[in-house]
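>>> Here's a sequence, model it:
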Amino acid sequence: MAPVTIAAKAVKLRKTYGQGSATVVALDSVDFEVYTGEFTAIMGPSGSGKSTLMHLLAGLDSPTSGSVHIGDVNIGNLKDTALTTLRRSRIGFIFQAFNLVPTLTARENIVLPLTIAGRKVDKRWFDQIIDVLGLNDRLTHKPHELSGGQQQRVACARALMNRPDIVFADEPTGNLDSTSAAEVLTFLRRSVDHFNQTIVMVTHDALAASHADRLVFLSDGRIIEEQRGGSPEEVLATMSRIYPRHQTTRHLVKDDDDPSTSPQPRITGEMLFRDGSMQPAPSGEIHPETEAEQSAPRRAITE
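Alright, predicted model coming up:
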């Protein structure tokens with residue numbers, strides 16, 4: 001058996017928002033490791049801390065205390081330029097809202113991070129990814145000429161184009177119909193099995209989570225349970241057992257009336273920086289939003 005290597009880890013990670021009596025603890029001293037070549041799903045109800053954990057692991061936000069490591073690099077010790085370089089070269093992102101540049105073709109969107117970074121496209125790798133995703137006849141199309149599923153497949157190709165150490169996917173099937181969602185999830189699963197890609201996915205969906213090797217469940221900013229794989233029914237059974245206050249169907253339904261559910265921090269607008277990485281909007285502001293604001297469509301900011 002090959003030795004297990006760690007792609008990313010959190011050590012005593014804590015994140016709070018606000019001050020005094022208004023303080024919200026999004027993460028509470030979390031220890032967490034992501035293993036190379038593994039598909040990890042992070043689950044939990046709204047306010048559990050799952051998206052906050054992903055944003056901190058990806059270097060999109062800074063912890064209140066604790067540390068985050070990508071490989072053997074403590075990213076908290078990096079200056080902005082070095083952190084940007086690390087994100088550009090070692091991390092890929094897939095967002096729920098696709099975040100494609102509307103004026104560019106599918107091909108141009110896929111290679112844009114490399115183009116901006118001044119790196120050559122590996123044609124063999126490009127062709128391999130495009131073939132797996134079935135995008136050969138869509139490369140000259142612009143986003144408005146593509147279906148939602150096709151746009152997300154373009155976003156998946158973009159995330160893998162720089163051969164990142166780890167890909168973070170934030171509700172990647174949240175805006176897709178069941179057929180398109182299955183296509184995206186099949187690709188993510190295949191990228192792990194055939195390309196040894198490391199993937200961390202935040203999701204509410206038991207069916208989506210069932211594609212993962214490892215499931216991590218959060219509640220109130222803490223990891224409360226883990227399990228190795230499982231069918232959708234098994235995932236639902238786990239969710240029903242550990243989240244008894246939340247109605248569970250195929251998706252983990254968000255309980256907006258539960259007073260213990262705190263607002264979930266989300267990035268309020270992403271952009272493609274000139275370094276070729278997906279990062280928060282220029283203000284860099286990350287703050288709690290209402291559920292209505294979280295579900296509102298978000299567009300990519302390009303300049």
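
>>> tell me, how many neighbours does R14 end up with?
17 (other CB atoms under 10 Å). Where C-beta positions appear, they are placed from N, C-alpha and C, glycine not excepted.

>>> for the one 4 residues further on, same thing?
Here the count is done by other CB under 10 Å, and G18 has 13 residues near it.

>>> That one reaches A26, doesn't it?
No: with contact defined as CB atoms under 8 Å, G18 does not count as touching A26 (10.1 Å).

>>> Can you tell me the element F168 falls in?
In the assignment (DSSP states H and E), F168 maps to strand 166-170.

>>> any idea of the mean pLDDT in that strand?
Taken as a whole, strand 166-170 has a mean pLDDT of 95.

>>> which stretch of helix or strand covers L13?
strand 6-17.

>>> Report the inter-axis angle for that strand versus strand 166-170.
Here the directions of strand 6-17 and strand 166-170 differ by 40 degrees (axes from the mean of the first three to the mean of the last three CA atoms, to 10 degrees).

>>> neighbouring contacts of strand 6-17?
23-36, 49, 52-53, 56-57, 61, 63-71, 165-166, 198, 200, 221, 265, 287-288 (CB atoms under 8 Å, 6 or more residues apart in numbering).

>>> Sheet partners, orientation included, of the strand holding F168?
Strand pairing for strand 166-170, using DSSP bridges, gives strand 91-95 (parallel), strand 199-202 (parallel).

>>> Return the alpha-carbon coordinates of the longest one using PDB.
As requested, the backbone C-alpha atoms of strand 91-95 are provided in PDB (Å, rounded to 0.1, in the frame of the first residue of the first chain):
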ATOM      1  CA  ILE A  91      -5.000  25.200  -6.100                       C
ATOM      2  CA  GLY A  92      -8.000  24.900  -8.400                       C
ATOM      3  CA  PHE A  93     -11.500  26.300  -7.700                       C
ATOM      4  CA  ILE A  94     -15.000  25.300  -8.900                       C
ATOM      5  CA  PHE A  95     -17.800  27.600  -7.900                       C
END
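
>>> tell me the average confidence for that strand?
In the prediction, strand 91-95 has an average pLDDT of 93.

>>> Give me the distance from that strand to the chain's centre.
6 Å (CA atoms, centre = their mean, to the nearest Å).

>>> Now do the longest helix along the chain: which elements does it pack against?
When the chain is parsed with DSSP state H, its longest helix is helix 178-195. Contacts defined by 3 or more CB pairs under 8 Å, 6 or more residues apart in numbering; DSSP states H and E place helix 178-195 against strand 39-43, helix 123-133, helix 148-160, strand 199-202, helix 206-209.

>>> Keeping just the C-alphas, turn that helix into CSV.
Taking C-alpha atoms only, helix 178-195 is exported to CSV below (Å, rounded to 0.1, in the frame of the first residue of the first chain):
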residue,chain,number,x,y,z
SER,A,178,-29.9,16.0,-12.0
THR,A,179,-28.5,14.9,-15.4
SER,A,180,-25.9,17.7,-15.5
ALA,A,181,-25.0,17.2,-11.9
ALA,A,182,-24.4,13.5,-12.5
GLU,A,183,-22.0,14.4,-15.4
VAL,A,184,-20.0,16.8,-13.2
LEU,A,185,-19.8,14.4,-10.3
THR,A,186,-18.8,11.6,-12.6
PHE,A,187,-15.9,13.8,-13.9
LEU,A,188,-14.8,14.7,-10.4
ARG,A,189,-14.8,11.0,-9.4
ARG,A,190,-12.9,10.1,-12.5
SER,A,191,-10.3,12.9,-12.0
VAL,A,192,-9.5,11.3,-8.6
ASP,A,193,-9.5,7.7,-9.9
HIS,A,194,-7.6,8.3,-13.1
PHE,A,195,-5.6,11.5,-12.5
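
>>> picking up where we left off before, would you mind finding the most buried of the strands paired with strand 166-170?
Most buried of those, by mean neighbour count (mean count of other CB atoms under 10 Å): strand 199-202, with a mean of 26.

>>> What residues are bridge-paired with the most centrally placed residue in the chain?
Geometric centre of the chain, nearest residue: A169, 2.5 Å, by CA atoms, centre = their mean. With DSSP bridges applied, A169 shows beta-bridge pairing to I94, M201.
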